[in-house]
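A.B. asks: Got a predicted model here, sequence first, then my questions.
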Amino acid sequence: GKLDLVVTKNIDNIVAIDDSGTKLLLSKQLDWEKKNMYSGIKIEARDVGLPGSTDPNRAQRTATHTFNIQVTNINDNDPVCDPTQYEVTKDESLAGSTTIAVIRCTDADTGPLTYALVASDPDSSKFNVVNTNEIATAAAATFDFDGSPQKIKYEFGVTVKDVDSKAASPPVKVILYITGVNEHAPVISPIADVGPISEDTAPGTSIGKAVATDADKGIDGEFFFSIQKTQANFGGLIDVPAKFTIDAVTGEVFTQAYLDRESISEYTLTIAATDQANKLDQTNAKTSTETMVVKIGDINDNYPTCVREVDFFHKVNLKTASDGDLLLTVVCTDRDLAGTTASTLKYTIDSGNGAGYFSMPDNTKGEIKLATVAGPKSVINTNVYYPLILKVEDGGPNVKHTLHPVMIQVEDTTNVPPTFNIGTGTQTVNLPENSAVGTPIGTFPASDVNEPSAGATTLKYKIVSILSDPITATATDVSGNPLYPINPPFAIRGLQEIYQAPDVYGYMVVTAPLDIEAVRKWIITIQVEDTGGLTTNLQIDVIVDPVNDNPPKWITDNKYGANNGRIVVNVNDETAAAVQIIGDLKAAGYIDDLDVVATGTKVDVL
């Protein structure tokens, strides 16, 4: 009756017979998560008979049993997370309700996992768990890289549990790093006006400083200074060459060239501060600007300058000059600052006035006057040039002066010819051709500085030549000038004919009829002579204006042949407005003694 048990089919060697041969045991630990069913396991029970014997009484007998092992699940595994730490970097513009990490955990057992923030971690208040395993910023959460105190790292834990509250160990750690955004431009503090700084300030001299701040922190808040523009006001700010430089780090401003107040007395510098100074990519760099006004102070560094006139000398007439008369005014300027001693000028005669004939009584003006000379003025030599050297000096400090030459000529005016009061240029008079004999042409009086008290009564007037244009003269005078073939139609009347007026001599009238068809322009030269025989000539052009004083007349025009049926109306007058013609007739104007067929004349065809 003794039996032996034998496993004839052992799935994964899951079972085994103990040493007594009577018990069936598990040979390894069951794991539902790996295999939950072992099917078709067979065991065989054998008696003590002889295996393989053919004797029924002695042959071994067996019985077989097939069975399955069903493994049931128990919660025997903790959740497992990989990775167990999440490090995330976001900039400070990170908005609320934004997912920053997805926690990835597994559990060999069945059932869902639960994720929760470790509430004891202070930073967890800015975050939530959403969608089971996502870590997101809280809806109202904000992050400021530039806050004070600055906070750029947020760290908190996340617990992961299964249905039996078995938790992953250790908890998952989430670390969020916040980086800055270039939100703010640098702000430059208002810069007070600088100076005035002396125009002889050496290059490299510090004259002021720009100060700036940037609300951003880190690399976005690092800025550098530059001078964007150097301008001066010439009726509006315009760019001018740079005279200043700035330390990019400290903002200190220096001169970099010598200055000249007379060229530019005030500079306006546009100083810029630009952030992201040490960033290779400055695409998002921000800049702000502020102006610095630099005023330049004056030093006495300019010499007076005087205007040299085309005619820099002055003539003195001894017969008309009086003591103290103003002879000449010298105009001088100094480019140094107006209203200061450096631009206040003093005038003196430095040399050339040994006899003391000239003076500058007001040394603040450039006026040279005839001095009060002891004895008669005749002591001053006439027709002599007196070269004077003026000294023009400023008021300093470091007084600077200029020597300026002028020339005074003392002349004896007995050698000066009379002059026409109207001037020396050609005079033009228009007269209609029907002007009556005796019609005045004009009055052309003259004066004589040699005899100012006698006036014009000592002067003689005459016509020295009369020319016609076009010239129709047939003879010439002794000088070869053409003469009109008949008596000239002009004359100068004598004193008794001009109402005894002492200041209107040179009175010329028409003495014969005028005819534009003969002469349209007369060129008259009149002459005035003083008692010393000195003369002056004046040209007067008399233009004869046309008058319609000739009727048209009929003439045969043989230029077109005897049988062409044309008759020309010869209009011997330039003022004829129109001529009526019949049939194939044309009007001709008589112009400058030429018969021409008029093409522009108004014609009425009947």
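C.D. replies: Sure, I can see it. Note that the coordinates shown come from a computational prediction; the quantities given were computed from them, not determined experimentally.
A.B. asks: Identify the residue spatially nearest to Asn10, adjacent ones excluded.
C.D. replies: Residue nearest to Asn10 in three dimensions, not counting chain neighbours: Ile41, with 6.5 Å by CB to CB, 6 or more residues apart in numbering. C-beta coordinates here come from the backbone N, C-alpha and C atoms, glycine included.
A.B. asks: what residues does stretch 235-255 touch?
C.D. replies: When contacts are defined by CB atoms under 8 Å, 6 or more residues apart in numbering, stretch 235-255 is touched by residues 194, 197, 201-212, 224-227, 229-232, 256-257, 259, 264, 267-269, 271, 273, 277, 292, 294.
A.B. asks: circling back: partners of the residue nearest to Asn10 in the sheet?
C.D. replies: Following DSSP bridges, Ile41 is listed with bridge partners Phe67.
A.B. asks: Run a quick neighbour tally on it.
C.D. replies: Ile41: 19 surrounding residues under other CB atoms under 10 Å.
A.B. asks: Ok, Val429 next?
C.D. replies: 14.
A.B. asks: Surely it and Val544 touch.
C.D. replies: No: using CB atoms under 8 Å, Val429 is not in contact with Val544, being 10.1 Å away.
A.B. asks: Could I get the contacting residues of Ile100?
C.D. replies: Contact analysis of Ile100 by CB under 8 Å, 6+ apart lists Val88, Lys90, Leu94, Phe127, Ile135, Ala136, Thr137, Val174, Leu176.
A.B. asks: In what element of secondary structure is the first one found?
C.D. replies: Think Val88. strand 85-91 (DSSP states H and E).
A.B. asks: Provide the strand pairings for that strand, with the direction of each partner.
C.D. replies: Using DSSP bridges, strand 85-91 pairs in its sheet with strand 172-179 (parallel).
A.B. asks: gap between the strand it pairs with and the chain center?
C.D. replies: 53 Å (CA atoms, centre = their mean, to the nearest Å).
A.B. asks: Then stretch 35-44?
C.D. replies: Remark: stretch 35-44 is offset 99 Å from the chain centroid, using CA atoms, centre = their mean.
A.B. asks: which outside residues touch that stretch?
C.D. replies: 5-12, 14-15, 17, 24, 62-73.
A.B. asks: rerun that using 7 Å as the cut-off
C.D. replies: Stretch 35-44 has contacts (CB atoms under 7 Å, 6 or more residues apart in numbering) with 5-12, 14-15, 24, 62, 64-71, 73.
A.B. asks: pLDDT on that stretch, on average?
C.D. replies: For stretch 35-44, mean pLDDT is 88.
A.B. asks: can you give me the strands in the stretch 1-150 of the chain?
C.D. replies: For the stretch 1-150 of the chain, the strands defined by DSSP state E, counting those that start in this stretch cover 4-9, 15-17, 24-26, 37-46, 62-70, 80-81, 85-91, 99-102, 105-106, 114-117, 127-130, 134-137.
A.B. asks: Who does the residue nearest in space to the middle of the chain form a beta bridge with?
C.D. replies: For the chain, Ile238 is the residue whose C-alpha lies nearest the centre (CA atoms, centre = their mean; 5.7 Å). Beta-bridge partners recorded for Ile238 (DSSP bridges): Ala232.
A.B. asks: ok, it to Thr289 distance?
C.D. replies: Noted for Ile238: a distance of 18 Å to Thr289, by CB to CB, to the nearest Å.
A.B. asks: what stretches of the stretch 301-450 of the chain score poorly on pLDDT?
C.D. replies: 308-313, 317-320, 373-384, 411-415, 449-450 (pLDDT under 70).
A.B. asks: what does the chain give?
C.D. replies: 1, 308-313, 317-320, 373-384, 411-415, 449-458, 469-488, 491-506, 532, 549-606.
A.B. asks: Can you show me the helices along it?
C.D. replies: Assigned by DSSP state H, the helices in the chain number zero.
A.B. asks: Keep only those of the contacts of stretch 235-255 that are in strands.
C.D. replies: 194, 197, 206-209, 212, 224-227, 229-232, 267-269, 271, 273, 292, 294 (DSSP state E).
A.B. asks: and Thr424, how many neighbours?
C.D. replies: Count around Thr424 with other CB under 10 Å applied: 10.
A.B. asks: what do you get for the one 4 residues further on?
C.D. replies: By other CB under 10 Å, 11 other residues sit near Thr428.
A.B. asks: so who does the residue nearest to it when sequence neighbours are not counted touch?
C.D. replies: Nearest residue to Thr428, sequence neighbours excluded (CB to CB, 6+ apart): Asp541, at 4.8 Å. Applying CB under 7 Å, 6+ apart, one finds that Asp541 lies in contact with Thr426, Thr428, Lys521, Ile523.
A.B. asks: how far away is the first one from Thr525?
C.D. replies: Applying CB to CB, one obtains 10 Å for the distance of Thr426 from Thr525.
A.B. asks: between these two, what contacts are shared?
C.D. replies: Joint contacts of Thr426 and Thr525 (CB under 7 Å, 6+ apart) are Gln539.
A.B. asks: So between those two, which is more surrounded?
C.D. replies: Counting neighbours by other CB under 10 Å for Thr426 and for Thr525 shows that Thr525 has the greater number, 16 against 11.
A.B. asks: just to revisit the earlier point, show me what the residue nearest to Thr428 bridges to in the sheet.
C.D. replies: Thr428, Ile523.
A.B. asks: Quick one: neighbours of Lys307, just the number.
C.D. replies: Lys isn't right for residue 307; it's Val. By other CB under 10 Å, neighbour count at Val307 equals 11.
A.B. asks: quick thing: my sequence starts at 58, can you match it?
C.D. replies: OK, 58 is where the count begins now, so the last one is Val364.
A.B. asks: so who does it touch?
C.D. replies: Val388.
A.B. asks: let's see 10 Å
C.D. replies: Taking CB atoms under 10 Å, 6 or more residues apart in numbering, we find Val364 in contact with Val387, Val388, Cys389, Thr390, Gly423, His461.
A.B. asks: The first one touches Lys422, doesn't it?
C.D. replies: So the one you mean is Val387. Yes: assessed by CB atoms under 10 Å, Val387 is found in contact with Lys422 at 8.9 Å.
A.B. asks: Overlap in contacts, these two.
C.D. replies: The contact lists of Val387 and Lys422 share Tyr404, where a contact means CB under 10 Å, 6+ apart.
A.B. asks: Stretch 594-603: which residues count as buried?
C.D. replies: Using 16 or more other CB atoms under 10 Å as the test for burial, stretch 594-603 gives Leu595, Ile597, Val599, Val601.
A.B. asks: which one of these sits closest to Asn478?
C.D. replies: Checking the buried residues of stretch 594-603 against Asn478 by CB to CB gives Leu595 as the nearest, at 10.2 Å.
A.B. asks: residues touching that closest one, list them.
C.D. replies: Leu595 sits next to 476-477, 479-484, 501, 503, 518, 521, 563, 581-585 when contact means CB under 10 Å, 6+ apart.
A.B. asks: ok, now how distant is it from Ile583?
C.D. replies: Taking CB to CB as the measure, Leu595 falls 5 Å from Ile583.
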